[in-house]
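*Asks:* pasting the structure only:
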(Lines give C-alpha, C1' and ligand atoms only; values in the text may rest on other atoms or scores of the structure.)
Protein backbone atom coordinates (compact mmCIF):
# COMPACT_ATOMS: atom_id res chain seq x y z
CA UNK A 1 0.00 0.00 0.00
CA UNK A 2 0.95 3.63 -0.52
CA UNK A 3 -0.13 6.30 1.93
CA UNK A 4 -0.61 10.05 1.83
CA UNK A 5 -0.89 11.58 5.27
CA UNK A 6 -1.28 14.84 7.16
CA UNK A 7 0.43 15.47 10.48
CA UNK A 8 -0.26 18.32 12.89
CA UNK A 9 2.54 19.76 14.98
CA UNK A 10 1.54 19.97 18.62
CA UNK A 11 4.22 22.63 19.19
CA UNK A 12 3.27 25.18 16.52
CA UNK A 13 -0.09 23.88 15.16
CA UNK A 14 1.44 23.64 11.67
CA UNK A 15 0.84 20.82 9.25
CA UNK A 16 2.98 18.44 7.22
CA UNK A 17 1.75 16.53 4.17
CA UNK A 18 3.71 13.42 3.29
CA UNK A 19 3.83 10.11 1.41
CA UNK A 20 5.04 6.69 2.53
CA UNK A 21 4.85 3.00 1.72
CA UNK A 22 4.95 2.16 5.43
CA UNK A 23 2.79 4.59 7.37
CA UNK A 24 3.44 3.12 10.80
CA UNK A 25 7.24 3.26 10.38
CA UNK A 26 7.12 6.77 8.91
CA UNK A 27 4.99 8.08 11.78
CA UNK A 28 7.46 6.58 14.22
CA UNK A 29 10.30 8.40 12.43
CA UNK A 30 8.45 11.71 12.63
CA UNK A 31 7.63 11.22 16.30
CA UNK A 32 11.18 10.38 17.34
CA UNK A 33 12.69 13.23 15.30
CA UNK A 34 14.38 11.04 12.68
CA UNK A 35 13.00 13.11 9.80
CA UNK A 36 15.12 16.19 9.02
CA UNK A 37 12.15 18.19 7.72
CA UNK A 38 9.95 17.69 10.78
CA UNK A 39 12.32 17.06 13.69
CA UNK A 40 12.37 20.65 14.96
CA UNK A 41 8.58 21.08 14.95
CA UNK A 42 7.36 18.00 16.85
CA UNK A 43 5.70 16.33 18.56
CA UNK A 44 3.43 15.29 15.70
CA UNK A 45 -0.06 13.82 15.55
CA UNK A 46 -1.54 11.97 12.58
CA UNK A 47 -4.83 13.68 11.70
CA UNK A 48 -5.60 12.34 8.21
CA UNK A 49 -4.46 9.69 5.75
CA UNK A 50 -5.48 7.99 2.52
CA UNK A 51 -4.34 4.59 1.21
CA UNK A 52 -3.71 3.69 -2.42
CA UNK A 53 -2.79 0.50 -4.24
CA UNK A 54 -0.80 2.32 -6.93
CA UNK A 55 2.25 4.52 -6.22
CA UNK A 56 1.42 6.97 -9.00
CA UNK A 57 -2.04 7.61 -7.54
CA UNK A 58 -0.62 8.32 -4.07
CA UNK A 59 2.14 10.56 -5.40
CA UNK A 60 -0.38 12.48 -7.49
CA UNK A 61 -2.65 12.89 -4.49
CA UNK A 62 0.22 14.15 -2.32
CA UNK A 63 1.07 16.72 -4.98
CA UNK A 64 -2.58 17.80 -5.17
CA UNK A 65 -2.93 18.14 -1.38
CA UNK A 66 0.11 20.43 -1.34
CA UNK A 67 -1.54 22.70 -3.93
CA UNK A 68 -3.95 25.53 -3.21
CA UNK A 69 -6.95 23.42 -4.24
CA UNK A 70 -5.70 20.53 -2.11
CA UNK A 71 -5.34 22.73 0.95
CA UNK A 72 -8.89 23.99 0.41
CA UNK A 73 -10.03 20.35 0.22
CA UNK A 74 -8.25 19.55 3.49
CA UNK A 75 -9.73 22.61 5.23
CA UNK A 76 -13.20 21.43 4.19
CA UNK A 77 -12.51 17.77 5.00
CA UNK A 78 -11.04 18.53 8.43
CA UNK A 79 -13.28 21.49 9.31
CA UNK A 80 -14.60 19.94 12.53
CA UNK A 81 -11.13 18.95 13.73
CA UNK A 82 -9.71 22.36 12.86
CA UNK A 83 -12.56 24.16 14.62
CA UNK A 84 -12.04 22.16 17.82
CA UNK A 85 -8.25 22.55 17.72
CA UNK A 86 -8.44 26.24 16.80
CA UNK A 87 -6.03 26.02 13.87
CA UNK A 88 -8.24 26.47 10.85
CA UNK A 89 -5.56 27.49 8.39
CA UNK A 90 -2.02 27.20 9.82
CA UNK A 91 -0.13 24.95 7.45
CA UNK A 92 -3.05 24.51 5.11
CA UNK A 93 -2.55 27.98 3.71
CA UNK A 94 -1.24 27.83 0.15
CA UNK A 95 1.45 30.37 1.00
CA UNK A 96 2.85 28.32 3.90
CA UNK A 97 6.21 26.82 2.83
CA UNK A 98 6.26 24.31 5.70
CA UNK A 99 3.97 21.92 3.83
CA UNK A 100 5.62 22.14 0.43
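*Replies:* Looks like it came in fine. All values derive from a computational prediction rather than experimental measurement.
*Asks:* quick one: low-confidence parts of the protein?
*Replies:* Scanning the chain for pLDDT under 70 picks out the ranges 86-100.
*Asks:* now the helices for the protein?
*Replies:* Assigned by DSSP state H, the chain shows helices spanning 23-31, 55-65, 68-77, 79-85.
*Asks:* so can I have a markdown table of those helices showing distance to residue 49 and mean neighbour count?
*Replies:* (Each C-beta comes from the backbone N, C-alpha and C, glycine too.) Output for the helices of the chain, formatted as a markdown table (distance: least, C-beta to C-beta, whole Å; neighbours: other C-beta atoms under 10 Å):
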| stretch | distance to residue 49 | mean neighbour count |
| --- | --- | --- |
| helix 23-31 | 6 | 16 |
| helix 55-65 | 10 | 15 |
| helix 68-77 | 12 | 14 |
| helix 79-85 | 13 | 12 |
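*Asks:* any chance of these in TSV, with distance to residue 17 too?
*Replies:* Shown next, in TSV, are these (distance: least, C-beta to C-beta, whole Å):
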stretch	distance to residue 17
helix 23-31	12
helix 55-65	5
helix 68-77	8
helix 79-85	15
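*Asks:* among those, which is nearest residue 42?
*Replies:* helix 23-31 (6.7 Å; C-beta to C-beta).
*Asks:* I'd like to know which of the helices of the chain lies nearest to residue 6.
*Replies:* Once the helices of the chain are compared by C-beta to C-beta, helix 68-77 is nearest, at 6.5 Å.
*Asks:* Ok, which of the helices of the chain comes nearest residue 38?
*Replies:* Closest to residue 38 of the helices of the chain is helix 23-31 (C-beta to C-beta; 5.1 Å).
*Asks:* other SSEs contacting that closest one?
*Replies:* Using 3 or more C-beta pairs under 8 Å, 6 or more residues apart in numbering; DSSP states H and E, the elements in contact with helix 23-31 are strand 2-9, strand 15-20, strand 44-52.
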